[in-house]
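Visitor: Next comes the sequence, and after it the predicted model I'd like to discuss.
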Amino acid sequence: MKPARFDYLRVASVDEAAAALAEHGDAARILAGGQSLMPMLNMRLGGAALLIDVSRCSGLDYVRTEAGAWRIGAATTQAALEWHPQLRAQQPLLNEALPHIAHFPIRNRGTVCGSIAHADPSAELPLALLALGGTAVLRSARRQRTLSAESFFTGMLSTARAADELIEEVRFPSAEPGTGYAFDEFALRHGDFAACAIAALARRDGSLRIAVGGVADRPLARDYPPGLDAGALDDALNELARSLDARDDPQVSALQRRHLVRRLGKRCIERATSAARP
Amino acid sequence: MKLEADRLHPVHVVLDGVPRRAHAAPRTLLSDFLREAFGATGVHVGCEHGVCGACTVRIDGVAQRSCLALAVQADGQRIDTVHGLAAADGTLSDLQAAFKRHRALQCGFCTAGILMSCADWLGRVREPDEREVRTMLSGHLCRCTGYTPIVQAVLDVARERARRSA
């Protein structure tokens, strides 16, 4: 449980981080909170010749609520977002999702952008980014580009990030007036990887959006038009559950995962719908 | 400046209020560094991948896993461990006294980390309920107590602090 050897570079700005990535590419890893990367290094599930530490870049440690979005910098911890005084009122989905992430001391160090970059299929923040239609801002020495969550997440722990890029910022759209939000998940213990996690949006026109994590190899979302009755909603959730290619693991079967998509999905849609205001 | 893997690099910390300096390789975990360089054996090493919570310390006041941090990352930071909780004359802090009163520990292996999380958390949550305390404690594994006396001790401290500040 000790990491193998690596060089270490603490950078003071995103430009410095991008320059180091341009030089070292695949051999380097960005270290922010390290709450996913450090366990992998400790267990030697992954390695790196160089860690580029962005955790003390003060210019990347911010939560900005402007232009209809919550903009979160690469050095911002999950706790900084969780304890933000306006979060509950302005972004109820994130407010509900954040306490499900691991535990208090982990959120105190783990970063928002780091969780997005790690792209664990059962993680809460990638699911929330996808459900809300958020974006990731990628930065390299060559360029800056902004990708939608849909195009950023490409598979199990896989993203569209190039070897010389880092996530500089993620943007979660602010809550839409009148839209109801709900988040819930099932894990064997609080803080464990979710066997199934659901984010639901119910808009004032009656349309629905539901996103599922923990089942497929990445978070996936579906949109439904207004006017689904209870039977049609059950059919839609059943079709969704069957479309996700659920797998067995030693603790939760594919059958249970499909069941969770239907039951947690229904519950979240009901909760989001009752929170929506016409 | 890049710190090379095979060399030792100076690391300054303020450990339980005392400025300390030692050398560490980049791959040295903060938990091992605190124990081996400074003899801070109140930092307990359990799972070494962030699950058990035994190694939790406060870094610049914030409760974090020292097994998921590197010693070189902590350069210039304040580290508080269980050794710094009691007063210099040995008088227990209110939190420690409540753990003793409620018999909230048996073997004590998890206790050091739990105390450091509680010390940070109770500074932010003034009047917690039992469910909130149990959720916060989910980041710490205790195999002796069944958690109930720990929950009682934490609630007791919160109530007592609220009463004193009222």
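Guide: On my side now, so go ahead.

Visitor: pLDDT (mean, whole number) over the helix ranked longest in chain B?
Guide: The single longest helix within chain B, with elements called by DSSP state H, is helix B:148-165. Rounded to a whole number, the mean pLDDT of helix B:148-165 is 97.

Visitor: Could you count how many residues lie near the residue of chain B found nearest chain A?
Guide: Ranked by C-beta to the nearest C-beta, the top residue of chain B for proximity to chain A is B:Gly139, at 2.6 Å. Backbone N, C-alpha and C define where each C-beta goes, glycine included. By other C-beta atoms under 10 Å in any protein chain shown, 26 other residues sit near B:Gly139.

Visitor: Just give the closest residue to it, not the sequence neighbours.
Guide: A:His103 (2.6 Å; C-beta to C-beta, 6 or more residues apart in numbering or on different chains).

Visitor: go on, B:Phe33?
Guide: B:Phe33 sits nearest to B:Ala71 (C-beta to C-beta, 6+ apart), 3.6 Å away.

Visitor: wouldn't the one you found be in contact with B:Arg27 here?
Guide: No: applying C-beta atoms under 8 Å, one finds B:Ala71 not in contact with B:Arg27, separated by 9.1 Å.

Visitor: More neighbours: which of these two?
Guide: B:Ala71 (25 against 21).

Visitor: can you map out the helices along the chain?
Guide: In the absence of a named chain, this looks at chain A. Counting by DSSP H, the helices of chain A are A:14-24, A:37-42, A:78-82, A:87-90, A:92-97, A:104-107, A:112-118, A:124-132, A:149-152, A:230-243, A:254-275.

Visitor: I was after chain B.
Guide: In chain B, the segments counted as helices under DSSP H are B:30-38, B:94-101, B:111-124, B:130-137, B:148-165.

Visitor: which bits of chain A sit near chain B?
Guide: Within chain A, the positions near chain B by C-beta under 8 Å from any C-beta of the partner chain are A:1-10, A:31, A:34-35, A:38-39, A:42-43, A:50-51, A:53, A:55-56, A:79, A:83, A:99, A:102-106, A:108-109, A:189-191.

Visitor: Could you pick out which of these are located in strands?
Guide: A:Asp7, A:Tyr8, A:Leu9, A:Arg10, A:Leu31, A:Leu50, A:Leu51, A:Asp53 (DSSP state E).

Visitor: what's the burial count for the residue lying closest to A:Gln251 once chain neighbours are set aside?
Guide: Nearest in space to A:Gln251, with sequence neighbours left out and distances taken as C-beta to C-beta, 6+ apart, is A:Leu188 at 6.1 Å. By other C-beta under 10 Å, 11 other residues sit near A:Leu188.

Visitor: Same question for A:Arg277.
Guide: There are 9 residues near A:Arg277, going by other C-beta under 10 Å.

Visitor: list the contacts for the residue of the stretch 1-150 of chain A found nearest chain B?
Guide: Closest approach of the stretch 1-150 of chain A to chain B (C-beta to the nearest C-beta) occurs at A:His103, with a separation of 2.6 Å. By C-beta atoms under 8 Å, 6 or more residues apart in numbering or on different chains, the residues touching A:His103 are A:His190, A:Gly191, B:Gly53, B:Met136, B:Ser138, B:Gly139, B:His140.

Visitor: Of the residues you listed - the most surrounded one?
Guide: Most surrounded of the contacts of A:His103: other C-beta under 10 Å gives B:Gly53, at 28 neighbours.

Visitor: Could you check how far the spatially closest residue to that residue that is not a sequence neighbour is from B:Ser117?
Guide: Excluding its sequence neighbours, the residue lying closest to B:Gly53 (C-beta to C-beta, 6+ apart) is B:His140, at 3.5 Å. Counting by C-beta to C-beta, to the nearest Å, the gap from B:His140 to B:Ser117 is 6 Å.

Visitor: Between the two, which contacts overlap?
Guide: With C-beta under 8 Å, 6+ apart as the test, B:His140 and B:Ser117 both reach B:Gly53, B:Thr56.

Visitor: Now the stretch 151-278 of chain A against chain B: closest residue?
Guide: For the stretch 151-278 of chain A, C-beta to the nearest C-beta, closest residue to chain B: A:His190, 4.2 Å.

Visitor: Pop the domain breakdown of the chain in here.
Guide: Unless you meant another one, I'm taking chain A. Here the domain parsing of chain A from automatic domain parsing is A:7-53, A:62-173, A:180-275.

Visitor: not what I meant, chain B
Guide: B:9-83, B:94-165.

Visitor: now the end-to-end length of the last one.
Guide: Think domain B:94-165. Domain B:94-165 has its terminal residues 14 Å apart, counting by C-alpha to C-alpha, to the nearest Å.

Visitor: repeat for stretch A:245-262
Guide: Stretch A:245-262: ends 14 Å apart by C-alpha to C-alpha.

Visitor: tell me which residues in that stretch are buried?
Guide: Residues A:Ala246, A:Val252, A:Arg257, A:Arg258, A:Leu260, A:Val261, A:Arg262 are the ones in stretch A:245-262 that count as buried (16 or more other C-beta atoms under 10 Å in any protein chain shown).

Visitor: show me what contacts B:Asn7?
Guide: Just to correct that, residue B:7 is Arg rather than Asn. B:Ala25.

Visitor: Can you check what pLDDT the model gives it?
Guide: On pLDDT, B:Arg7 comes in at 98.

Visitor: same deal with A:Arg277?
Guide: For A:Arg277, pLDDT reads 83.

Visitor: And the pLDDT for the nearest residue to it once chain neighbours are set aside?
Guide: Nearest non-adjacent residue to A:Arg277, counting by C-beta to C-beta, 6+ apart: A:Gly178, 4.8 Å away. Per-residue pLDDT puts A:Gly178 at 95.

Visitor: tell me the phi and psi of A:Gly178?
Guide: phi 90, psi -20 (degrees, to the nearest 10).

Visitor: what's the neighbour count on it?
Guide: 13.

Visitor: Quick check: the gap between it and A:Asp205.
Guide: With C-beta to C-beta as the criterion, A:Gly178 and A:Asp205 are 9 Å apart.

Visitor: Next, count neighbours for A:Lys2.
Guide: 14.

Visitor: residue contacts, it?
Guide: A:Asn42, B:Arg27, B:Leu29, B:Asp32, B:Glu48.
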